[in-house]
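Asker: sequence unavailable; structure follows:
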């Protein structure tokens, strides 16, 4: 019976995601026609456009409000909601709160942690290195002027540095580094905002010259570049170069095989370090630059999969457990160990919020599939 329910859950998931085949749709229709209660349940999750929105809600930047709308529409009575969920728990579990869609080879299970309600965990922490080699530790608790330390006025407020315009003759360069478990923002002297993810390094001049605006990135960062048609904005990495005039985009160099750039708005040009050919991105496109040969590949993507981190979300689609846990390790500055290498290949789809207590996320993963995630001696041990 459990296997049958898992199969129905998989078919419902495929239908709502729009990936169901003709043969699968016939199987699902047989289940719908078998009982009146099946028809009522299916109608409740698919009768309006919002039903698809709720299942693929991780594709929406406004996922909390959208999920709230779904609960208000289909389950206005909390008691009725709990009753229905209890009845269909083995088939299709949807709770208001943080929804985790765990997809393995054989089943799709939705879990929630609505009763835990922790605060999002976003730690503002970084180290600023000045041109003279001086290191300054920054945190969200600090708020102080740094104008006496560099060649231009710099103000620190909560989780952000802000550089004011200075003389273009200044040659000073700064480096901003975030540790594992930390994030930070900087507003450069031209007004460009850069949000650094954990374990990221950004090198930049305190004042840009009159010809170009150039920074160096290692790690991951979100850019909101101020328009300046006379001075292109250039992001350099070890394996690629991104040329910008004014736009919003994300750059990620963490991958072992490629540098990824995803565009929200505007236009950027991408070059591999081994080529002078420039490839232009359109909004909602991803450019992947091979670290091996500089080859550039472009495709359409769901933006939130690549930009959710800046809003405190970990979003994933059919992603290996190892890749997901690597991100969690970076967020929480913690090591991961596997008792069995095959566990790394489990695949999941869904999203998570950053939590103060990492045990909340580990509990969700453990309860959703037949694996055990345990905190021990400052590390996460994953076993069956």
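Answerer: Cool, the structure landed. Quantities reported herein were computed from a predicted structural model and do not represent experimental measurements.

Asker: for residue 328, helix, strand, or coil?
Answerer: helix (DSSP: H, G, I helix; E, B strand; the rest coil).

Asker: my guess is it contacts residue 360. True?
Answerer: No. In this structure, residue 328 is not within contact of residue 360 by C-beta atoms under 8 Å, at 11.5 Å. Where C-beta positions appear, they are placed from N, C-alpha and C, glycine not excepted.

Asker: next up, the contacts around the closest residue to residue 343 other than its chain neighbours.
Answerer: The shortest distance from residue 343 to any non-neighbouring residue, by C-beta to C-beta, 6 or more residues apart in numbering, is to residue 382 (5.6 Å). Contacts for residue 382 were tallied using C-beta atoms under 8 Å, 6 or more residues apart in numbering; they are 321, 325, 336, 337, 338, 339, 343, 371, 372, 373, 374.

Asker: repeat the analysis, applying 7 Å as the threshold.
Answerer: 336, 338, 339, 343, 371, 373 (C-beta atoms under 7 Å, 6 or more residues apart in numbering).

Asker: nearest residue to the last one other than its sequence neighbours?
Answerer: Yep, that's residue 373 we're talking about. residue 362 (3.8 Å).

Asker: per-residue pLDDT, the one you found?
Answerer: The model reports residue 362 with a pLDDT of 83.

Asker: mind listing what it touches?
Answerer: Going by C-beta under 7 Å, 6+ apart, residue 362 touches 373, 375, 380.

Asker: in a strand, residue 366, correct?
Answerer: No. With three-state DSSP as the criterion, residue 366 is located in helix rather than a strand.

Asker: looks like it contacts residue 380 (just checking).
Answerer: No. Residue 366 is not in contact with residue 380 according to C-beta atoms under 7 Å; the separation is 10.8 Å.

Asker: tell me the secondary structure for residue 229?
Answerer: Assignment for residue 229 (three-state DSSP): coil.

Asker: do residue 310 as well
Answerer: Assigned by three-state DSSP, the conformation of residue 310 is helix.

Asker: residues in contact with the nearest residue to it once chain neighbours are set aside?
Answerer: Leaving out its chain neighbours, the residue that sits closest to residue 310 by C-beta to C-beta, 6+ apart is residue 222, at 4.6 Å. Contact analysis of residue 222 by C-beta under 7 Å, 6+ apart lists 195, 250, 307, 310.

Asker: re the thing from before, the residue nearest to residue 343 - that's part of a strand, no?
Answerer: Yes. Residue 382 sits within a strand when classified using three-state DSSP.

Asker: all strands for the stretch 251-384 of the chain, in order.
Answerer: Using DSSP state E, counting those that start in this stretch, the strands of the stretch 251-384 of the chain run over 258-265, 268-272, 279-281, 285-290, 296-300, 313-320, 335-338, 347-353, 372-376, 379-383.

Asker: the shortest one: partners in the sheet, and parallel or antiparallel?
Answerer: Right, strand 279-281. According to DSSP bridges, strand 279-281 forms sheet pairs with strand 268-272 (antiparallel).

Asker: over to the last one?
Answerer: Sheet pairing here is set by DSSP bridges, and for strand 379-383 it gives strand 335-338 (parallel), strand 372-376 (antiparallel).

Asker: save those as JSON lines, and put in mean neighbour count too.
Answerer: Shown next, in JSON lines, are the strands paired with strand 379-383 (neighbours: other C-beta atoms under 10 Å):
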{"stretch": "strand 335-338", "mean neighbour count": "14"}
{"stretch": "strand 372-376", "mean neighbour count": "14"}
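
Asker: distance to residue 203 added to those, as a markdown table?
Answerer: Converted to a markdown table, these look like this (distance: least, C-beta to C-beta, whole Å):
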| stretch | distance to residue 203 |
| --- | --- |
| strand 335-338 | 28 |
| strand 372-376 | 35 |
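
Asker: closest one to residue 199 among these?
Answerer: strand 335-338 (13.4 Å; C-beta to C-beta).

Asker: just to revisit the earlier point, and the strands of the stretch 251-384 of the chain, which one is worst for confidence?
Answerer: strand 347-353 has the lowest average pLDDT among the strands of the stretch 251-384 of the chain, namely a mean of 75.

Asker: list the helices and strands that one packs on?
Answerer: With contacts defined as 3 or more C-beta pairs under 7 Å, 6 or more residues apart in numbering; DSSP states H and E, strand 347-353 has these neighbours: strand 99-103, strand 313-320.

Asker: what residues sit buried inside it?
Answerer: 347, 348, 349, 350, 351, 352, 353 (16 or more other C-beta atoms under 10 Å).

Asker: from residue 316, how far out is the fourth one?
Answerer: Translated: residue 350. 7 Å (C-beta to C-beta, to the nearest Å).
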